[in-house]
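> A predicted structure for the sequence below; I have some questions about it.
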Amino acid sequence: MRVADKVYYTLMQRQVQQSRKRLADASMVVSSGKKVNDMADDPLTLQRSMRNATEEANLDQYTSNQAHLTARYSLYEEQFNEAYDLLTNLKSVMVALSNPVNVDDAREELLNELKHTEEQLQAVVNAQDSGQYIFAGGRADQPAFDDLGIYQGDSLENQVEMLPNVNMDANITGERAFAGVGVDGGVNVFEVIANIRTMLETNPQEAALENLDGVAQAIEQVIQEQMRVGVGLSTLQSAEYTLENLKLSLVEKRQNFEDADYVTAITEYQAQEYALNASLQVNSDLLSRSLLDYLR
Amino acid sequence: MAGINDILYTARSGILVNQKAIQITGNNVSNVNTPGYSRQQVTLSPAVAAGYGLGVSMAQVRRVHDGFLTQQVNLQAGTKEFLVGRQFVAQQLETVLPEVDNLGVNSALTNFFNSFKELSNNVSGNAERQMVAAQGEALADKINQAYNGVVNIQRNLNQDIEAEVERINTLMGELADLNQKVAVMADPTGATDNAELRDRRDQVVKQLYEMADVTTFTDNDGHINLMIGNHIAVQGTRAAELTAVAGNLTRIELNTLSGTGIDITERLSSENASGRLSGVLYERDIKLEEVKDQLDQLAYSLAEQVNLLHRGGFALDGSTDRDFFVMPADVAGAAGSLAVNQEILDNPSLIAAAQDAAAAHGDNRNAVAIAELMNDSNTVNGSSFHGYYTAMVGQVSSELSDLEQDLEIQTMVTDQAEAYQASVSGVSIDEEMVSLIQFQRAFEASAKIMNTVDEMLQQILALKQ
């Protein structure tokens, strides 16, 4: 093929431009540390990267959900512990007074204990978190139990996603633990206390003896809920561990397809630099050879 | 038998013809870098009279040109420029869909649905409700920005298109003018071929191929006629005109030679067209419209699905049947107008997080149901919101990537075609230098003959003394 000067120049321009572009692309990868720096770079990686970003944001949300759940369950644990302590204390007093030496003294002591227990239990069952009554189910804007110990809430137990496709109860209603609803042989703890108080008027010993089972049942109900909270906290702990693993796995995945491997990137950069230098050298050598040099 | 003066004339012809040949060589060398210049070649022939040679004559000065290769270059250049036009427009989508930096609709979608998850942790929390309203607004803004960004790209192209139309009109007028000049200035002897005019005309035709979807054919009079969008636009010495019809999206009308106006926008924006203008129109009218349609579908489905659940839920005050997003009237244009219900922005307690009016302060089921829309794999045309949007971005990204590769390949093909053409028509300095020496030597030899004849005449004149 006959070679016109224009062919030389066009070829040279194209080769140098191509080499410069490749060098610029390689330098972009090195300086950004990313394989994908614009939309045209790698459509598949871009889509993976978008999906990964969504998954990472979701995992951050699970972290927040778990933190909320842990705080709420810890609060439930405190309240149930408090209720357990109050009721076991009441039971101890009742056992001690089931065979009293002095009836009047016994009545007085039990009345004091009942008053204290009732007041403290009212505080427990109407405990609040950020202005919400934690035992009231969905009706969290009003106290879970009224002054007479009647449950005012509902049976709604919210669910919150704590891991992908894994939900957990976000609240525990007071009707099961303190009103005995849905529990075989369940008792309302406030009714038991009211019953003791009524019987105390006639026979303190009988009041203590006959209501021991009711108090024991109330304690059992609280224990059941304590166990439930314990299992919940334990589940949350292991979920936290699972979440950390998921996050690590996502980060690793992202690094694999998104982040540049510096050894490869720098090698590529140097290869392109050599290619550009070679292209410039060869082209300048080609262009410097002309018949004009021999016509002097 | 020729006389001594005939030898003088023979030498004279050698001097004149070689001088002319050197001039042609000089012209070739001068135009080595002139775009579209075809090298010229001198054809010499012996001058003969009464049976014996009387020196040399210049039979022809013709440009070295191959019509087939020129046509190949035009076609390849047209295809290349079509891709250039497409890439020019498509690359602008990168700023509208900033997903490489995770700053686009994708993260806004995630944040919006996660804000409902956060609300489900504390349904009566004011901060959580403010966050849901803010994230809803941010999502609507992102979708608006993406949509309006595409609309702006389309509108900003109007000026470019009008300028291109002006340039095409100028070139079509110039082609008609050159057709006339080539015909008028034709050398009746056929010794020259109006090389400069023909080169210029070829250049004009090439530029037209690069700019628009044109085809050409040469008629019996040697005129190059041009069709644009399958309609005659230059016929011989007459040129039609294109008009850029202003509007939201500028349209292109061809005012034909018969005086009728034909809208050729659709024809020009075909996928199989060529030329930069067609590439721009194809992206503007087909590809960008697809992106707008997809954003519209996403926005409409989002508003529809979220509103459906939201209307069935209860706000903190127990009210219900309220849209979260202002429901777009139609799918078309939904992305440009998507907005959060102003009532909710003014009073986030109206966000319906509950499914039970009596439990509005503690029931999170509606917030959870809305948050779970994110994972629903059948919310937009059989995909999830994220899946649909990711596929859309993936499609744009694939097309950009394909365009980059196609353009690289087409540039090589065009360069190759131009190299083939240059191998025939291009100037080689080395070759011209050889010709220069060749003609210079012939010139010197002819002068030597003239000297010799002069000496011979001196000797003849000396015979008398």
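The structure has been received and is ready for your questions.
> so the residue most central in space within chain A is in which element?
For chain A, the residue sitting closest to the mean C-alpha position, by CA atoms, centre = their mean, is A:Gln66 at 2.2 Å. Secondary structure from DSSP states H and E places A:Gln66 in helix A:43-96.
> residues in contact with the residue nearest to the centre of chain A?
By CB atoms under 8 Å, 6 or more residues apart in numbering or on different chains, the residues touching A:Gln66 are A:Met162, A:Leu236, A:Ala239, A:Glu240, A:Leu243. (Glycine included, C-beta is placed from N, CA and C.)
> ok, 10 Å please
With contact taken as CB atoms under 10 Å, 6 or more residues apart in numbering or on different chains, A:Gln66 is in contact with A:160-163, A:168, A:235-237, A:239-240, A:242-243, B:121.
> hang on, the earlier thing: what packs against whatever helix or strand comes next after the helix holding A:Gln66?
Using DSSP H and E, the helix or strand that follows helix A:43-96 towards the C-terminus is helix A:103-125. On a contact count with 3 or more CB pairs under 10 Å, 6 or more residues apart in numbering or on different chains; DSSP states H and E, helix A:103-125 meets helix A:43-96, helix A:174-177, helix A:189-200, helix A:204-257.
> just to revisit the earlier point, ok, for the residue nearest to the centre of chain A, nearest residue in space, not its chain neighbours?
Leaving aside its chain neighbours, A:Gln66 sits nearest to A:Met162 (5.2 Å; criterion: CB to CB, 6 or more residues apart in numbering or on different chains).
> tell me the secondary structure at that neighbour.
strand (DSSP: H, G, I helix; E, B strand; the rest coil).
> out of the helices and strands packed on helix A:103-125, which one sits most buried?
helix A:174-177 (a mean of 25; mean count of other CB atoms under 10 Å in any protein chain shown).
> so where's the stretch 351-465 of chain B uncertain?
B:465 (pLDDT under 70).
> what residue in the stretch 101-250 of chain A comes nearest to chain B?
A:Gly138 (2.4 Å; CB to the nearest CB).
> so what's that residue up against?
Contacts of A:Gly138 (CB under 10 Å, 6+ apart): A:153-158, A:171, A:173, B:123, B:354-365.
> residue contacts, the one residue sitting closest to the centre of chain B?
The centroid of chain B falls nearest to B:Arg276 when counting by CA atoms, centre = their mean (2.1 Å). Listed by CB under 10 Å, 6+ apart, the contact partners of B:Arg276 are B:77-78, B:80-86, B:88, B:160, B:164, B:209-212.
> by neighbours, which of those wins?
B:Ala212 (31 neighbours; other CB atoms under 10 Å in any protein chain shown).
> that one and chain A: what is the separation?
Remark: distance between B:Ala212 and chain A (CB to the nearest CB, to the nearest Å) = 24 Å.
> what do you get for B:Thr218?
Between B:Thr218 and chain A the computed distance is 25 Å (CB to the nearest CB).
> what's the closest of the contacts of B:Arg276 to B:Asn272?
For those, the closest approach to B:Asn272 (CB to CB) belongs to B:Phe82, at 9.2 Å.
> contacts only, for that closest one.
The neighbours of B:Phe82, taking CB under 10 Å, 6+ apart as the test, are B:210, B:212-213, B:271-282, B:406-407, B:410.
> swap in B:Gln305?
Neighbouring residues of B:Gln305 by CB under 10 Å, 6+ apart: B:Phe325, B:Ile370, B:Leu373, B:Asp376, B:Asn378, B:Thr379, B:Val380, B:Phe385.
> the last one contacts B:Ile370, correct?
Yep, that's B:Phe385 we're talking about. No - shown here, B:Phe385 and B:Ile370 do not form a contact pair, counting by CB atoms under 10 Å, at 11.9 Å.
> quick check: neighbours shared by the two?
Between them, B:Phe385 and B:Ile370 share the contacting residues B:Phe112, B:Phe113, B:Gln305, B:Val306, judged by CB under 10 Å, 6+ apart.
> among those, name the ones in helices.
Among the shared contacts of B:Phe385 and B:Ile370, the ones falling in helices (DSSP state H) are B:Phe112, B:Phe113, B:Gln305, B:Val306.
> quick check on the residues you listed: which are buried?
Among those, those classed as buried by 16 or more other CB atoms under 10 Å in any protein chain shown are B:Phe112, B:Phe113, B:Gln305, B:Val306.
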